[in-house]
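# what shape does this take:
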Amino acid sequence: MSERQPSDELAQLLKRMEQAELSAAEKSQLNELLQSDAEALEQFVRYQAIDAHLAWRFTATPGMDDPLAAIAFAENETRALDPKSIRTHFLQRHGWLLAIAALLVGLFIGFPLGLGVQNEPPEDVAIATLTSIGPGTKWSDPFGRALKIGAALEKGWINLDAGTIELTFSSGATVNIDGPASFAIDSPLRGFLNYGAVRVHAPESARDFAVGTASMEVVDLGTEFDLSVSEQSGAAEINVVDGLVDLYLSSAGRANRIQSLSAGESAAIDSSGEITSIQGGAADPRLLAHWRLDENADDTIVADSSPHHFDGKLNMPTSRRSRAGKAGQALELGVDGFVDFSEHLSALTSTNAFTLTAWVRNANDIVFSVSDGTNRQRIQFELEENWLYYGWQQGDRFDRISASVPPWLPDRWRHVAVSVSGGSVTLYLDGRALIEPKRMGGVINTRAIAPIQLKNPTSAYLGRVPSNHVQEEQFLGGELDDVQLYGRALDEVAIHYLFEHPGETLPHKQN
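You can find the predicted model right below:
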């Protein structure tokens, strides 16, 4: 990429404009320069469009309380913008950019020149530091900044023509960029890869560090991954070196989806946001437990048929336990029955992501819970009247994400599921997502948590929570069958498969 650089005069004025420090004299100077120099005008429009694109892509859409939902919305509205063609594309797609023309002849001289969305006063704060430079490295910088170790970098594009550089974000995340590449620094916890290749490492301090592409958002859950995007096709490839990542996928005509990948797994995603292949360990959907609930009526052990053998203990009269179920037999838990699998708590709460699915009938309360045995630390999955909930409590704060459902009809089996990953929650009924992935609760607007984030959990149950936010014990109060627990966030395709095949776990080709 051998792009022309702005003149020293234009670069300095652009820098002043970015910092909202242009004086009246400098505004006049910029207007005169842009009216007299066609090349300067072209470069001005180009960099304004890039700034607008960054702001549009990474600024929350009004009315959207989930930043990732806002990003997905923006992705559905536009394709990725290559800096090479961004000026033409923006002028074609956004008539408001034509206001630049009016500004350039002085009609808007009293207004700020920047087109980027600025909800807060601009801050001249370094987001990342250039910590390593490989041999033969060349870059194109709009402000003519020197390529040197220790350089402080603010929000904006890095166009790397050749070589390799390492950025260390203020959050602690490191991003190694291999040129040719176009990468945007957006915040201490986010970047955007237009094309090229990066390796990202996120320590605990940078948990949830995200890298966006044209077709997805990659959220790093304290791990390391390689990501590449083709400049020609926009297709992406990701390989997880260590830990776990979540892919937030968005494509036209489909609901937003979450795909989890763990160490050793890789995936290819086309420019429309569709997964074209998953390899390595991704063929295994990471089944943690499968409680078929088919045991004899006199057996107090609830067997886990998965290779992990996370067997539970039945707490109810055995004479009530076995009934004809959706697949084989089922548990009739009644008003106070439950299954205790606290013995396996450490294994069941060691994952950042999980999915729980179950068949329920004539029930109206808790399906699953993990807690510290009090009302202070807890996650719970429950149904109530015309609602399905995922709730959590930390200290004296209780919050939940909910979805409305049709009335729970008597004597009818319903398939319910919840998936949690990267702080996002999706609720399902009968194989269909009821909501887009949500991060924030609807009670006091706190972020959803997974069991691994609970402090000192001591108990895990099917059909019971020992103490809720008003210090009351709760039970399922109905029948339960075919409960499955996965150590990743399953997508709607996988959930629908389980709904269509009661009693079966996901085949290795699924998810």
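
# okay, CA-based contacts and neighbour counts for the rest of this
Will do.

# can you check the pLDDT for Ala433?
Ala433 carries a pLDDT value of 94.

# check Val302 too.
Here the pLDDT value assigned to Val302 is 90.

# and whichever strand or helix holds Tyr497, what does it pack against?
Remark: Tyr497 resides in helix 492-500, with elements defined by DSSP states H and E. Helices and strands touching helix 492-500, by 3 or more Cα pairs under 8 Å, 6 or more residues apart in numbering; DSSP states H and E, are strand 432-433.

# right, and the helix or strand after the strand it packs on?
Where DSSP H and E defines the elements, the next helix or strand beyond strand 432-433 is strand 459-462.

# partners of the next helix or strand after that following strand in the sheet?
Next helix or strand after strand 459-462 toward the C-terminus (DSSP H and E): strand 464-465. Sheet pairing of strand 464-465 (DSSP bridges) gives strand 474-475 (antiparallel).

# just the mean pLDDT for the partner strand, thanks.
80.

# okay, now Ala448: neighbour count?
24 (other Cα atoms under 10 Å).

# that one: what's it in contact with?
Listed by Cα atoms under 8 Å, 6 or more residues apart in numbering, the contact partners of Ala448 are Gly391, Trp392, Asp399, Arg400, Ile401, Gly423, Ser424, Val425, Arg439, Met440, Gly441.

# also Phe44?
Counting by Cα under 8 Å, 6+ apart, the residues that Phe44 touches are Leu34.

# separation between it and Ser187?
23 Å (Cα to Cα, to the nearest Å).

# can you map out the strands along the stretch 301-450 of the chain?
301-302, 312-315, 322-324, 329-332, 338-340, 353-361, 366-371, 377-384, 387-394, 397-404, 414-421, 424-429, 432-433 (DSSP state E, counting those that start in this stretch).

# CSV for those strands, including distance to Val218 and mean neighbour count?
Compiled in CSV, those are given as follows (distance: least, Cα to Cα, whole Å; neighbours: other Cα atoms under 10 Å):
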stretch, distance to Val218, mean neighbour count
strand 301-302, 38, 18
strand 312-315, 36, 19
strand 322-324, 43, 17
strand 329-332, 39, 24
strand 338-340, 36, 23
strand 353-361, 15, 25
strand 366-371, 28, 26
strand 377-384, 25, 25
strand 387-394, 24, 22
strand 397-404, 23, 20
strand 414-421, 12, 26
strand 424-429, 13, 25
strand 432-433, 21, 20
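
# look up phi and psi at Ala38.
Dihedral pair for Ala38: phi -60, psi -40, per degrees, to the nearest 10.

# which of the strands of the stretch 301-450 of the chain comes out lowest on mean pLDDT?
strand 322-324 (a mean of 74).

# ok, back up a step: so which of the strands of the stretch 301-450 of the chain is nearest Ala214?
strand 424-429 (20.5 Å; Cα to Cα).

# quick one: the closest one to strand 353-361, angle?
Inter-element angle recorded for strand 424-429 and strand 353-361: 20 degrees (by axes from the mean of the first three to the mean of the last three Cα atoms, to 10 degrees).

# angle of strand 424-429 against strand 414-421?
Put simply, strand 424-429 runs at 170 degrees to strand 414-421, going by the same axes, to 10 degrees.

# from the contact counts, what lies against strand 424-429?
strand 387-394, strand 397-404, strand 414-421.

# switch these over to CSV; also include distance to Glu265.
Formatted as CSV, those follow (distance: least, Cα to Cα, whole Å):
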stretch, distance to Glu265
strand 387-394, 29
strand 397-404, 30
strand 414-421, 17
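
# now the helices for the stretch 201-350 of the chain?
345-348 (DSSP state H, counting those that start in this stretch).

# and of the helices and strands packed on strand 424-429, who's closest to Asp8?
The nearest among the helices and strands packed on strand 424-429, by Cα to Cα, is strand 414-421 at 47.4 Å.

# quick one: strands adjacent to that closest one?
Strand 414-421 is paired, per DSSP bridges, with strand 353-361 (antiparallel), strand 424-429 (antiparallel).

# alpha carbons only: can I get it in PDB?
Only the C-alpha atoms of strand 414-421 are listed here, as PDB (Å, rounded to 0.1, in the frame of the first residue of the first chain):
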ATOM      1  CA  ARG A 414     -41.700 -28.100  26.300                       C
ATOM      2  CA  HIS A 415     -38.000 -27.900  25.400                       C
ATOM      3  CA  VAL A 416     -36.200 -25.000  27.200                       C
ATOM      4  CA  ALA A 417     -32.600 -24.000  26.900                       C
ATOM      5  CA  VAL A 418     -30.100 -21.300  28.000                       C
ATOM      6  CA  SER A 419     -26.700 -20.500  26.600                       C
ATOM      7  CA  VAL A 420     -24.200 -18.200  28.300                       C
ATOM      8  CA  SER A 421     -20.900 -17.100  26.900                       C
END
